[in-house]
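[1] Just need the structure, nothing else, for what follows:
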Amino acid sequence: MMKQNQSNRVAVRSKLTAVSSRPVNPGTIHSFTGLDHAMALHSVHVIFYYKEKLFSYFDLDPFRVCLSEILSLYPPVTGRIVRREVDGEWEVKCNDAGVRSVKATVATTLDEWLGSADGAEERLLTAWDDMPHGDPSSWSPYRIQINEFEGGGVAIGLSCSHMQADPTCATLLIKSWAETHRREAVVHPPSFDDLSDSPLTRRLNIHNTKSSCAYYEAKSMAAQTPLVLNKMGTSTFKFSDEVIKQSLLEIHQTCPVATPFDLLAALFWARIARLKHPKSQSKHSLSICVDFRKKLQLSYGHYGNALHFSLLSLPNVEEKEDLGDVAEAVHRHVSSQGDGEFWSALDWFESRKEKGGQFGAPFRMYGPELTCMSMEHMVDFPGITGNKPLMYTAVFDKENRPVHVSYHVGNVEGEGLIMVMPSLEGGLARMVTVTLPEEELEQLCQDEAISSLNPIMVISGTRRA
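    Numbering: from 1, shown residues only. Purely as a prediction, here's the structure:
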């Protein structure tokens, strides 16, 4: 743990509101899906790190002008969340109220920050206040923070309500901003199509008989039971292409079709399970979260949430001697998720309306069981050239591409969250960000099985594998 209080390294210098360059049509409304409503307890935070300076003076720079241009394509981003008069349900009034923008300085270099900051301090790079319980009509559901490091590095922090967007949606907003700054066409403009009006939906006769519906029902009921709130910590492990390739070869006989996600989800699940109480039943269960844009033939720029959660149970996972057995279980579970399962879940969310037309209360989507999010879809994202993962194509100037991108989900409770995502190195290289109760995280960072893969630790404070 960091002994020194380093929070004063980040100092806010100015605040302003960024507005769109073209006014939205009066009366424009953005409606949330049932899935969007269910995500309301959480927030999404993405931080893009750049080695070189991106602008001279943000308040007047073309950098900000391009932000206004791209916001014109995203009316809900500059809108405000209000209650619908008909049924009292939440919706976005697209009124060009703008996005809260913060300018801050960081009293260290970018390299020093990546090696010394921990997850809690990194959150200072993303301005955020949770949605107020009362009237949120003056609350900005999106925040952008521009952070300048000593020596010229820059970090762009984007925060938003998870009810508005998922990590992919948030990533595309920054990427589109970068494309506009380069005066290039926006490759993945936002799409506001209604999921319930998809041609695929009309072809399928979906009924709530799938296992995912029972799982979501159980999660919504579990939300009524208060959890013991633990202080959570976050660390990020970077694994090289060579290490992942070798590790996949070692489990090839047991699971010849294993992906980097299968391997790392299995590894971290099994090792974390060993840290849990011997009588814990939850350690044998893993909630797996995947993006379904491609599977459901949605626009890749689909605005909102396109995530599916499903439960995998494996008795005595912590005792498995062959990691390939766990990886095979993960692979079989993920690959078995089909269109019907996804649409059935979406149908269940839409059916949660109570008397009067309001959706049921949101619940913990990340928890209470250990959750593992796959971001494998960002590896071969359509429309991306140069064999770079999606998040590393947010290039504002020439080849000044991000050197690191962090993702966090707000209000993670219960057993914790594992996020497996592509790494800048490309190929099979992956990055794993883990959020756990602090005591467990300290032990995980010393785990021999993980340390044997020689991960590089970033944004982990003094924790070292």
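
[2] Val106 contacts Glu150, doesn't it?
    Yes. Taking contacts as CB atoms under 8 Å, Val106 lies within contact range of Glu150: 7.2 Å. Every C-beta, even on glycine, is put in place using the N, C-alpha and C of the backbone.

[3] Between these two, point out the one with more neighbours.
    More crowded of Val106 and Glu150, by other CB atoms under 10 Å: Val106, with 22 against 14.

[4] contacting residues around that one?
    By CB atoms under 8 Å, 6 or more residues apart in numbering, Val106 lies in contact with 9-11, 113, 125, 147-150, 155.

[5] now, which of the residues you listed sits nearest Arg364?
    Ranked by distance to Arg364 (CB to CB), the contacts of Val106 are led by Leu125 at 25.2 Å.

[6] Backbone torsions only: list them for the closest one.
    Main-chain dihedrals, Leu125, degrees, to the nearest 10: phi -90, psi 0.

[7] Val65: neighbour count?
    Counted with other CB under 10 Å, the neighbours of Val65 add up to 13.

[8] Equivalent analysis for Asn387, please.
    Neighbour tally, Asn387, other CB under 10 Å: 9.

[9] Next up, the contacts around the closest residue to it other than its chain neighbours.
    Excluding the flanking residues, the one nearest Asn387 by CB to CB, 6 or more residues apart in numbering is Gly426, at 6.1 Å. By CB under 8 Å, 6+ apart, Gly426 lies in contact with 241, 387-389.

[10] Which pair in those residues has the greatest spatial separation?
    Asp241 and Lys388 (13.6 Å).

[11] Those two: which is more packed in?
    Regarding Asp241 and Lys388, a neighbour count based on other CB under 10 Å identifies Lys388 as having more, with 18 against 15.

[12] tell me the SS of the residue nearest to the more buried one when sequence neighbours are not counted?
    Nearest non-adjacent residue to Lys388, counting by CB to CB, 6+ apart: Gly426, 6.5 Å away. Following DSSP: H, G, I helix; E, B strand; the rest coil, the label given to Gly426 is coil.

[13] got it, and Leu114?
    With three-state DSSP as the basis, Leu114 sits in helix.

[14] Identify the residues contacting it.
    Taking CB under 8 Å, 6+ apart, we find Leu114 in contact with 49, 404, 458-459.

[15] distance of it from Val432?
    Using CB to CB, to the nearest Å, we find Leu114 at a distance of 16 Å from Val432.

[16] quick revisit: I'd like to know which of the contacts of Leu114 are part of strands.
    Of those, the ones assigned to strands by DSSP state E are 49, 404, 458.

[17] wait, what's in contact with the second one?
    Read it as His404. Residues near His404 by CB under 8 Å, 6+ apart: 49, 114, 424, 458.

[18] quick one, strands of the stretch 201-350 of the chain?
    232-239, 285-291, 307-313 (DSSP state E, counting those that start in this stretch).

[19] could you redo those strands as TSV and give each row mean neighbour count, distance to His162 and mean pLDDT?
    Below are those laid out as TSV (neighbours: other CB atoms under 10 Å; distance: least, CB to CB, whole Å; pLDDT from 0 to 100):
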stretch	mean neighbour count	distance to His162	mean pLDDT
strand 232-239	23	17	97
strand 285-291	22	12	96
strand 307-313	19	9	95
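
[20] Reformat those as a markdown table; add distance to Val186.
    A markdown table is the format used below for these (distance: least, CB to CB, whole Å):
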| stretch | distance to Val186 |
| --- | --- |
| strand 232-239 | 29 |
| strand 285-291 | 20 |
| strand 307-313 | 23 |
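
[21] what about His133, how many neighbours?
    For His133, the count of nearby residues is 6 (other CB under 10 Å).

[22] Pretty sure it sits in a strand.
    No. Counting by three-state DSSP, one finds His133 to be coil, located in no strand.

[23] can you map out the helices along the stretch 351-465 of the chain?
    Using DSSP state H, counting those that start in this stretch, the helices of the stretch 351-465 of the chain run over 438-444, 448-451.

[24] Out of these, the one nearest Leu16 is which?
    helix 438-444 (35.7 Å).

[25] which residue is nearest the centroid of the protein?
    Pro167 (3.7 Å; CA atoms, centre = their mean).

[26] Around Lys245, how many other residues sit close by?
    Neighbours of Lys245 (other CB under 10 Å): 13.

[27] wait, doesn't it sit right on Leu428?
    Yes. If you go by CB under 8 Å, Lys245 and Leu428 touch, sitting 5.4 Å apart.

[28] Least confident secondary structure element in the chain?
    The weakest-scoring helix or strand in the chain, judged by mean pLDDT, DSSP states H and E, is helix 199-203 (a mean of 48).

[29] Run through the bridge partners of Ser287.
    Ser287 has these beta-bridge partners by DSSP bridges: Leu311, Thr371.

[30] how much space between it and Arg463?
    Distance, Ser287 to Arg463, by CB to CB: 25 Å.

[31] now do Gln253
    Going from Gln253 to Arg463 by CB to CB gives 34 Å.

[32] Out of those two, name the residue with the larger neighbour count.
    Arg463 (21 against 9).

[33] Where does the prediction get shaky in this protein?
    Low-confidence segments of the chain, defined by pLDDT under 70, span residues 1-7, 56-61, 196-210, 385.

[34] rerun at 80
    Within the chain, the ranges that satisfy pLDDT under 80 run 1-7, 54-63, 193-212, 223-229, 277-281, 354-357, 383-387, 398-399, 462-465.

[35] Buried residues of the longest strand belonging to it, list them for me.
    Counting by DSSP E, the longest strand found in the chain is strand 99-109. Residues of strand 99-109 classed as buried: 99-104, 106, 108 (neighbour count, 16 or more other CB atoms under 10 Å).
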